[in-house]
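J.: my questions are about this predicted structure, shown below with the sequence.
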Amino acid sequence: MPHPIMYRDDDPGLTELRRIALGFPEAFEKISHGRPVFCAPKMFTIYGGNSKATGAMVAYPHALLVKVDESERRALEQDSRFFYPMYLGPFGWLGLDFTAAQVDWDEVGELVDASFRLTAAPRLIRLLDGG
């Protein structure tokens, strides 16, 4: 049984996230588990997620999920806008709740860039850097 679609094209932040994510070399969007996922070919960004850090599931339908470098994880976890996403958290991912505060799209771009660099093949990183 396929997952239900859990977003709308006019959801807050999705248009901006698409603009950022699809600007990376060979990036494409697909639907996985009912959510937009951005890949090249490995996934590097997801729109929307859930957390179970408090024991009960909390939905974050308007959020960004990205892989983060371990050296930055502790600082990001101190920011109340970030959450530990179910299933992906143990693999180095964090979520940024778009509804927690005014979204800084430059920050989102930096987070997506870092996630891309942690997941993409070296050839794609060279393309990104103009090489």
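T.: Nice, I can see it.

J.: residue 27 versus the closest residue to residue 13 other than its chain neighbours, what's the distance?
T.: With sequence-adjacent residues excluded and distances taken as Cβ to Cβ, 6 or more residues apart in numbering, residue 13 is closest to residue 98, at 4.3 Å. Every residue, glycine included, has its C-beta placed from N, CA and C. Going from residue 98 to residue 27 by Cβ to Cβ, to the nearest Å gives 20 Å.

J.: and these two? which has more neighbours close in?
T.: residue 98 (23 against 20; other Cβ atoms under 10 Å).

J.: residues contacting that one?
T.: By Cβ atoms under 8 Å, 6 or more residues apart in numbering, the contact list for residue 98 reads 12, 13, 62, 63, 64.

J.: show me those that map onto strands.
T.: 62, 63, 64 (DSSP state E).

J.: same list, those, but as JSON lines with neighbour count and distance to residue 81 please.
T.: Putting those into JSON lines (neighbours: other Cβ atoms under 10 Å; distance: Cβ to Cβ, whole Å) gives the following:
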{"residue": "62", "neighbour count": "18", "distance to residue 81": "12"}
{"residue": "63", "neighbour count": "27", "distance to residue 81": "9"}
{"residue": "64", "neighbour count": "29", "distance to residue 81": "10"}
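
J.: from those, pick the one nearest residue 42.
T.: For the ones in strands among the contacts of residue 98, the closest approach to residue 42 (Cβ to Cβ) belongs to residue 64, at 16.7 Å.

J.: near the closest residue to that closest one other than its chain neighbours, how many other residues are there?
T.: Leaving aside its sequence neighbours, residue 64 sits nearest to residue 96 (Cβ to Cβ, 6+ apart; 4.5 Å). Residue 96 has 24 neighbours, counted by other Cβ under 10 Å.

J.: quick one, what contacts residue 96?
T.: 63, 64, 65, 66, 81, 82, 108, 111.

J.: and it, how far is that from residue 59?
T.: For residue 96 relative to residue 59 (Cβ to Cβ), the value is 15 Å.
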